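In: Compute the structure for the input listed below.
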Amino acid sequence: MLQQRSVEIRRYIIEHLQRGDGSDLAVVVAGRFKISRQAAGRHIAKLVAEGVLQPRGKTRSKTYNLVTLFKVAKEYSTEGLEEHIPWMTEVRPCLTDMPENVMQICSYVFTEILNNAIDHSASTKVRITCTMNAATINIQIMDQGVGIFKKIKE
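Out: From the prediction side, this is the model:
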């Protein structure tokens, strides 16, 4: 029961910070869970020690941000590029603690979008950017192609 409550508090802190408000965090958490500020502070301190949160400032003016756990940014030539290669060499190794269903979704989305950029954009390069924090995984695949609407028009 106590472990479940700690997981719930942890999840709340991460989601709260994902929404963008890292000020008065201990007060907010204490009020939400009806615990002392000191108890809330211990939960926050644990997340800081784990490298999930980054504190800024001191004492009462202290704010927190989610730490970027990893970031991959790499450019590839589309010529001869196979979509699974960047996935397997750059992104997948960074997602080691993900549940299998999340890993499968990320793999599918990444390889399908990259495949579309390779096959249909007429771009000579693609730039892959992936970032992850405790709340989100952000995958971007950018090309210098003509765009779908111009391609349809032509």
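
In: How many residues are close by the nearest residue to residue 47 once chain neighbours are set aside?
Out: Setting aside the residues directly before and after it, residue 47 is nearest to residue 53 in space (CB to CB, 6 or more residues apart in numbering), at 4.4 Å. To be clear about C-beta, it is placed using only N, CA and C from the backbone, and glycine gets the same treatment. If you count neighbours by other CB atoms under 10 Å, residue 53 ends up with 22.

In: Is residue 53 bridged to anything, and to what?
Out: Here residue 53 sits in beta bridges with residue 66, going by DSSP bridges.

In: buried residues in the longest helix along the chain?
Out: Criterion DSSP state H: the longest helix present in the chain is helix 100-120. Using 16 or more other CB atoms under 10 Å as the test for burial, helix 100-120 gives 106-107, 110-111, 113-114, 117-118.

In: picking that back up, next up, the contacts around the residue nearest to residue 47.
Out: Residue 53 is in contact with 13, 17, 44, 47, 64-67, counting by CB atoms under 8 Å, 6 or more residues apart in numbering.

In: Which members of those residues are classed as buried?
Out: Buried members of those, scored by 16+ other CB under 10 Å, are 13, 17, 44, 47, 64, 66.

In: what helices or strands is the longest helix of the chain leaning on?
Out: Applying 3 or more CB pairs under 8 Å, 6 or more residues apart in numbering; DSSP states H and E, one finds that helix 100-120 makes contact with helix 84-86, strand 125-132, strand 137-143.

In: Tell me the strands beside the longest one, with direction?
Out: Taking DSSP bridges as the criterion, strand 125-132 sits next to strand 70-77 (antiparallel), strand 137-143 (antiparallel) in its sheet.

In: residues in contact with that strand?
Out: Here strand 125-132 makes contact (CB under 8 Å, 6+ apart) with 68-78, 81, 86, 90-91, 94-95, 110, 114, 117-118, 137-144.

In: 7 Å instead, please
Out: Residues outside strand 125-132 that contact it (CB atoms under 7 Å, 6 or more residues apart in numbering): 68-78, 86, 90-91, 94, 114, 117-118, 138-144.

In: For that strand, buried residues please.
Out: Buried residues in strand 125-132, defined by neighbour count with 16+ other CB under 10 Å: 125-126, 128, 130-132.
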